[in-house]
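Trainee: okay, predicted coordinates and the sequence, questions at the end:
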Amino acid sequence: VDGAHVPVLVVGSGYGGSVAALRLAQAGVDVHVVEMGMAWDTPGPDGKIFANTTAPDYRSYWLRTRTKQPLSNFLGFPIDRDVPRYTGILDAEDFSGITVYQGRGVGGGSLVNGGMAVTPRRENFGAILPSVNVDEMYNVFYPRANAELGVNNVDQAWWETAACYQYGRVGRKHAQRSNFSFVLVPNVYDMAYMQQEQAGTVPKSAVAGELLYGNNHGKKSLPKTYLARARATGRVAITPLHRVTSVAPVSGGRFAVVVEQLGTGGEVTATKQVTADRVFFAAGSVGTSKLLTRLKATGRLPNLNNEIGKGWGDNGNVMCGRANHLWDPTGSVQSSVPTAGIDNWAAGGAFAEVAPLPTGIETYASFYLSITRNPNRAQFSYNASTGTVDLNWQTAWKQPSIDAAKTIFDRINATEGTIYRTDLFGVYKIWGDHLTYHPLGGAVLNRATDNYGRLHGYPGLYVIDGALIPGNTSVNPFVTITALAERNIARIIADDL
Ligand code: FAD
């Protein structure tokens with residue numbers, strides 16, 4: 001409500017924002033969450049809330065008139081199509097050297113992601129967040145995050161024969177024949193539901209290709225976990241289709257927050273101002289970095305330090321496909337939820353998720369999203385002439401990721417006598433090096449903030465999302481984002497309230 005005062009305002013409803021909302025509410029604090037995306041609680045004309053990956057429509061993209069699918073081509077042909085401009089669920093946000101995919105809506109990235117819920121190997125943690133106590137994370141906060149997120153494991157006996165994971169088993173065979181370590185990976189998709197989908201006893205979601213534009217069943221996204229529990233406290237209000245554009249100090253130690261209400265065409269229908277005692281930035285790595293960079297540069301939060309906008313990385317994401325022999329079909333029905341990966345992190349700096357290619361036809365292709373040890377870090381800066389916040393990442397900075405991924409796939413191709421697919425990202429292009437699903441950093445822990453996410457320069461302002469993590473987690477990031485948020489909010493509740 002215009003002119004209102006709230007004790008705590010949370011910007012964004014992804015992992016960081018959901019943890020903050022639940023724990024603050026449980027501590028007796030009233031919380032208002034402002035989310036720029038939609039609520040995603042109402043079916044469309046087809047009776048479904050979310051669109052299928054194979055049939056993108058108006059619900060699929062954030063304010064685009066044409067889809068921008070991560071795999072842009074198939075057999076060399078472009079597959080993108082026109083869609084009505086709408087506040088859809090997946091944002092393919094273009095910067096000059098990279099497209100950053102993000103979820104938009106109540107639940108943030110949990111609405112669109114693969115659900116792979118990976119806790120990094122303990123020996124790698126020091127390189128991820130060097131100022132954080134490792135014992136505390138592995139004894140308390142990772143277990144807490146895993147439990148609250150509903151992380152579960154696929155039943156391996158079932159996985160060994162399920163038609164929808166034939167692509168996973170082919171991935172394993174090829175990994176093991178080249179002596180790579182192959183691991184089954186936990187997920188937040190309800191694996192018991194998946195078994196029923198495969199058996200044909202419940203409505204199909206993952207097995208029918210739903211994922212990138214939302215899952216109608218099976219996925220334990222944040223609205224079913226953290227946010228459901230937060231709402232049940234009676235202390236949490238969530239306002240969708242509202243975007244925070246400014247936060248600035250006013251008298252009494254409070255902050256004035258400017259919020260734009262959006263229509264589903266992206267137009268601003270109202271501008272409101274509220275005041276808050278505390279503001280948690282949880283707009284995601286890109287959203288939080290853009291806001292803070294702009295607010296510092298335009299003089300609304302001038303005392304933020306010079307670490308704002310720095311330390312951004314792509315979690316080393318790079319994609320590729322391999323063309324298998326005709327005796328290695330990967331299956332025409334592939335679950336869109338990945339369950340496995342190839343771990344060559346220690347030797348080659350790459351963890352490759354065996355990803356689905358849910359086209360509905362046999363492709364004889366194996367497809368991988370690799371997370372690699374890429375040392376390049378980019379910076380956000382305010383461009384006064386265009387009024388935009390730019391990111392200086394360059395496409396060529398993916399080369400270390402390609403080199404790391406090749407430590408796996410060159411060897412597998414040599415063993416199998418196979419080649420890379422060249423038709424998935426354009427015409428004769430092997431590497432999907434133009435994108436990331438895993439933006440991290442921009443307001444790094446213990447640099448832009450103290451060791452618990454308190455922004456330097458402004459008591460009462462906090463960062464609690466992927467912006468805190470300096471560019472790489474060695475695995476898929478959301479469990480680490482959640483666990484770090486749990487750690488930080490526990491300290492903030494104990495010391496600051
Ligand atoms: P987010 O989840 O991005 O939430 C930020 C929220 O803030 C969004 O809802 C956004 O709309 C909102 N917002 C932004 N700006 C504003 C503003 N100014 N005002 C109001 N609201 C705002 N990770 C894994 O661990 N495993 C996976 O399998 C996996 N698969 C993925 C697949 C895809 C296609 C994508 C896109 C991501 C995937 N990820 C995966 C990454 C994971 O989803 C993100 O790391 C995670 O969601 C980041 O959490 P966060 O809390 O930092 O921000």
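Mentor: Received it, and whenever you're ready, just let me know what you need. Numbering: from 1, shown residues only.
Trainee: how many neighbouring residues does residue 376 have?
Mentor: Burial of residue 376 is recorded as 17 neighbouring residues (other CB atoms under 10 Å). The C-beta positions use only the backbone N, C-alpha and C, and glycine is treated the same way.
Trainee: err, residue 424, not the other one
Mentor: Residue 424 has 25 nearby residues by other CB under 10 Å.
Trainee: so it sits right up against residue 74, yeah?
Mentor: Yes - with contact defined as CB atoms under 8 Å, residue 424 reaches residue 74; the gap is 6.9 Å.
Trainee: near the ligand, which residues of the stretch 151-300 of the chain?
Mentor: Residues of the stretch 151-300 of the chain found near the ligand (CB under 6 Å from any ligand atom) are 212, 243, 244, 282, 283, 284, 285, 287, 291.
Trainee: make a PyMOL selection of the buried ones in these.
Mentor: Per 16 or more other CB atoms under 10 Å, the buried members of those correspond to this PyMOL selection:
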select buried, resi 212+243+244+282+283+284+285+287+291
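Trainee: and the residues of the stretch 151-300 of the chain next to the ligand as CSV, adding pLDDT and secondary structure?
Mentor: Listed next are these as CSV, based on pLDDT from 0 to 100; DSSP: H, G, I helix; E, B strand; the rest coil:
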residue, pLDDT, secondary structure
212, 96, coil
243, 98, strand
244, 98, strand
282, 99, coil
283, 99, coil
284, 98, helix
285, 99, helix
287, 99, helix
291, 98, helix
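Trainee: what's the burial count for the residue of the stretch 101-250 of the chain found nearest the ligand?
Mentor: Closest residue of the stretch 101-250 of the chain to the ligand, CB to the nearest ligand atom: residue 109 (2.0 Å). Per other CB under 10 Å, the neighbour tally for residue 109 reads 25.
Trainee: and residue 37, that's in a strand?
Mentor: No - judged by DSSP: H, G, I helix; E, B strand; the rest coil, residue 37 forms no part of a strand; its state is coil.
Trainee: what about the strands in the stretch 101-250 of the chain?
Mentor: Secondary structure of the stretch 101-250 of the chain (DSSP state E, counting those that start in this stretch): strands located at 181-184, 236-239, 242-249.
Trainee: swap in the stretch 301-450 of the chain?
Mentor: Secondary structure of the stretch 301-450 of the chain (DSSP E, counting those that start in this stretch): strands at 318-323, 340-344, 350-355, 365-372, 380-383, 388-391, 419-420, 435-436.
Trainee: mean neighbour count and distance to residue 481 for those strands - can I get that in JSON lines?
Mentor: Below are the strands of the stretch 301-450 of the chain laid out as JSON lines (neighbours: other CB atoms under 10 Å; distance: least, CB to CB, whole Å):
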{"stretch": "strand 318-323", "mean neighbour count": "23", "distance to residue 481": "21"}
{"stretch": "strand 340-344", "mean neighbour count": "24", "distance to residue 481": "19"}
{"stretch": "strand 350-355", "mean neighbour count": "27", "distance to residue 481": "17"}
{"stretch": "strand 365-372", "mean neighbour count": "26", "distance to residue 481": "14"}
{"stretch": "strand 380-383", "mean neighbour count": "18", "distance to residue 481": "18"}
{"stretch": "strand 388-391", "mean neighbour count": "18", "distance to residue 481": "19"}
{"stretch": "strand 419-420", "mean neighbour count": "14", "distance to residue 481": "32"}
{"stretch": "strand 435-436", "mean neighbour count": "23", "distance to residue 481": "15"}
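Trainee: ok, which of those comes nearest residue 50?
Mentor: strand 350-355 (19.4 Å; CB to CB).
Trainee: between strand 365-372 and the closest one, find me the angle.
Mentor: Between strand 350-355 and strand 365-372, the angle comes out at 140 degrees (axes from the mean of the first three to the mean of the last three CA atoms, to 10 degrees).
Trainee: between strand 350-355 and strand 318-323, how big is the angle?
Mentor: Counting by the same axes, to 10 degrees, strand 350-355 lies at 60 degrees to strand 318-323.
Trainee: strand 350-355 pairs with which strands?
Mentor: The pairing partners recorded for strand 350-355 under DSSP bridges are strand 340-344 (antiparallel), strand 365-372 (antiparallel).
Trainee: give me the mean pLDDT for that strand.
Mentor: For strand 350-355, mean pLDDT is 97.
Trainee: one step back: out of the strands paired with strand 350-355, nearest to residue 226?
Mentor: Residue 226 lies closest to strand 365-372 among these, at 23.9 Å (CB to CB).
Trainee: ok, is that closest one in contact with the ligand or not?
Mentor: No - Strand 365-372 stays clear of the ligand (CB under 6 Å from any ligand atom), getting no nearer than 8.2 Å.
Trainee: and that strand, how far out from the chain's middle?
Mentor: Distance of strand 365-372 from its chain centroid, counting by CA atoms, centre = their mean, to the nearest Å, is 17 Å.
Trainee: again with stretch 168-179
Mentor: Remark: stretch 168-179 is offset 27 Å from the chain centroid, using CA atoms, centre = their mean.
Trainee: tell me the pLDDT of residue 1.
Mentor: Here, the pLDDT recorded for residue 1 equals 68.
Trainee: among the strands of the stretch 301-450 of the chain, which is nearest residue 158?
Mentor: strand 340-344 (13.6 Å).
Trainee: what is the mean pLDDT for that closest one?
Mentor: Rounded mean pLDDT across strand 340-344 is 97.
Trainee: repeat for stretch 370-381
Mentor: Regarding stretch 370-381, the rounded mean pLDDT is 98.
Trainee: same check, this time on stretch 80-88
Mentor: The predicted model assigns stretch 80-88 a mean pLDDT of 97.
Trainee: what's in contact with that stretch?
Mentor: Applying CB atoms under 8 Å, 6 or more residues apart in numbering, the contact partners of stretch 80-88 are 37-38, 56-69, 72, 104, 213, 241, 262-266.
Trainee: I'd guessed residue 69 sits against residue 54; true?
Mentor: No - using CB under 8 Å as the test, residue 69 is too far from residue 54 to be in contact (10.3 Å).
Trainee: which of the residues in stretch 452-459 are classified as buried?
Mentor: For stretch 452-459, the neighbour count (16+ other CB under 10 Å) marks 452, 453, 454, 455, 456, 457, 458 as buried.
Trainee: do the same with stretch 329-348
Mentor: Going by neighbour count (16+ other CB under 10 Å), the buried part of stretch 329-348 is 330-331, 333-345, 348.
Trainee: can you check stretch 199-207 too?
Mentor: Going by neighbour count (16+ other CB under 10 Å), the buried part of stretch 199-207 is 202, 204, 205, 206, 207.
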